[in-house]
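Student: okay, here's the prediction I keep looking at, along with the sequence it came from:
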Amino acid sequence: MGANPTVTIGIPVYNGANYLKQALDSVLAQSYTDFEVVITDNASTDATEEICQIYARRDSRIRYFRSDINRGATWNFNRAFKLSRGSYFKWLAHDDMMATDFLKECVAALDNNPGVVLSYSKVRMIDSEGGPIEDYGISLAVGSSDVKQRVRDIMLAWHLCYEVFGLIRVSVLRKTPLMGDYGHADGVLLARLAMMGRFQEAPQVLLFLRRHAEQSMAVYGLEGGGNDYHSYTTWFDPLKANHIVYPEWRILYEYYKSIWQYPLNWKDRFAFHYYIIRWVRQNIRHLVRDVFLGFRQMAFLTRKRFA
């Protein structure tokens, strides 16, 4: 292996001692070996640090970085990328696992297809014990050569954004603002990546995503299409606790901003404006709720200030 590995696997973690060993074991069992692991620990208070130190001593490809305070998921996710040295990058949640050939298949897809910016595999949901629940069957047109189809499906079709845990070209990911500090930031990031190139899916189930009571999607009511982006905001950035936020309007703003951030022809930009109108129609109830909750929170904070 040269000075810099081909692949960086970033594992952002906070109090992940329950499943972290299984995630790391799945990484170290990869048939493709030209990788590094960057673990960014958001000031865990359980045995996470001890586990990471043990694995880092065992394998020199593992680098461990610990924060002195919990700065939120956005900061931790983005820190893992900023510390990476590979040409390809993958986020891996501490409670998920990869099949042995995940990196092999995804690296081959990127190596052999310059127009592909993200490679990923089919996904199987597993329970807290690692047993199978179901295969994730939602398929998006992200492999289309037509940028309009790719972005349309990411913006308008219901899905769980699991493609964000694929292998991404670092040169492309650097052109984005990375993970935002708001709910559905992963979906916005996927839309931005789709504006710059195709995604390619490996036909095999090579990624195992765990469902359990402590994961953020369950805690904030997002699994199965729920929506509590107000509470979710503090998971992304704890400094926003007790601040007035409008998460649905933030998503709308980020989608619109994306249209002008990347080199697109006028037909594509026109189509994306139409998709935004459709997105507003789909989410009008949430946008109105945002305004109502914002005014209610403003009134609460005002009373608290002058009490």
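Tutor: Here it is on my side, so go on. The structure displayed is predicted, hence computed values, not measured ones.
Student: what ranges does the stretch 101-250 of the chain have for its strands?
Tutor: 116-126, 132-135, 167-169, 198-210 (DSSP state E, counting those that start in this stretch).
Student: buried residues, the last one. List them.
Tutor: Residues of strand 198-210 classed as buried under the neighbour-count rule (16 or more other C-beta atoms under 10 Å) are 198-202, 206-210. The C-beta positions use only the backbone N, C-alpha and C, and glycine is treated the same way.
Student: now the third one
Tutor: Along strand 167-169, the positions that meet the burial threshold by neighbour count (16+ other C-beta under 10 Å) are 167-169.
Student: want to throw the residues you listed into CSV with pLDDT and distance to Lys90?
Tutor: Below are the buried residues of strand 167-169 laid out as CSV (pLDDT from 0 to 100; distance: C-beta to C-beta, whole Å):
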residue, pLDDT, distance to Lys90
Leu167, 98, 5
Ile168, 98, 7
Arg169, 98, 11
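Student: format those residues as CSV; extra columns: distance to Asp25.
Tutor: CSV is the format used below for the buried residues of strand 167-169 (distance: C-beta to C-beta, whole Å):
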residue, distance to Asp25
Leu167, 19
Ile168, 23
Arg169, 27
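Student: you'd agree Met196 is up against Val117?
Tutor: Yes: using C-beta atoms under 8 Å, Met196 is in contact with Val117, at 5.6 Å.
Student: need the residues touching each of the two.
Tutor: Common contact partners of Met196 and Val117 (C-beta atoms under 8 Å, 6 or more residues apart in numbering): Val172.
Student: picking that back up, same list (the buried residues of strand 198-210) but as a markdown table, adding pLDDT and distance to Lys82.
Tutor: Formatted as a markdown table, the buried residues of strand 198-210 follow (pLDDT from 0 to 100; distance: C-beta to C-beta, whole Å):
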| residue | pLDDT | distance to Lys82 |
| --- | --- | --- |
| Arg198 | 98 | 26 |
| Phe199 | 98 | 23 |
| Gln200 | 98 | 26 |
| Glu201 | 97 | 27 |
| Ala202 | 96 | 27 |
| Leu206 | 98 | 26 |
| Leu207 | 98 | 23 |
| Phe208 | 98 | 27 |
| Leu209 | 97 | 24 |
| Arg210 | 95 | 26 |
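Student: what's around Asn4, how many residues?
Tutor: 12 (other C-beta atoms under 10 Å).
Student: pretty sure it is in a helix, no?
Tutor: No: counting by DSSP: H, G, I helix; E, B strand; the rest coil, Asn4 is not found in a helix; it is coil.
Student: state the pLDDT value of it.
Tutor: Per-residue pLDDT puts Asn4 at 94.
Student: before we move on, what about Lys304?
Tutor: So Lys304 comes in at 66 (pLDDT).
Student: equivalent analysis for Gly221, please.
Tutor: 55.
Student: contacts for the strand or helix carrying Glu36 next, please.
Tutor: Assigned by DSSP states H and E, Glu36 falls within strand 35-41. Defining contact as C-beta under 8 Å, 6+ apart, one finds that strand 35-41 is touched by 5-14, 24, 27, 48-49, 52, 56, 59, 61-67, 76, 79-80, 83-86, 103.
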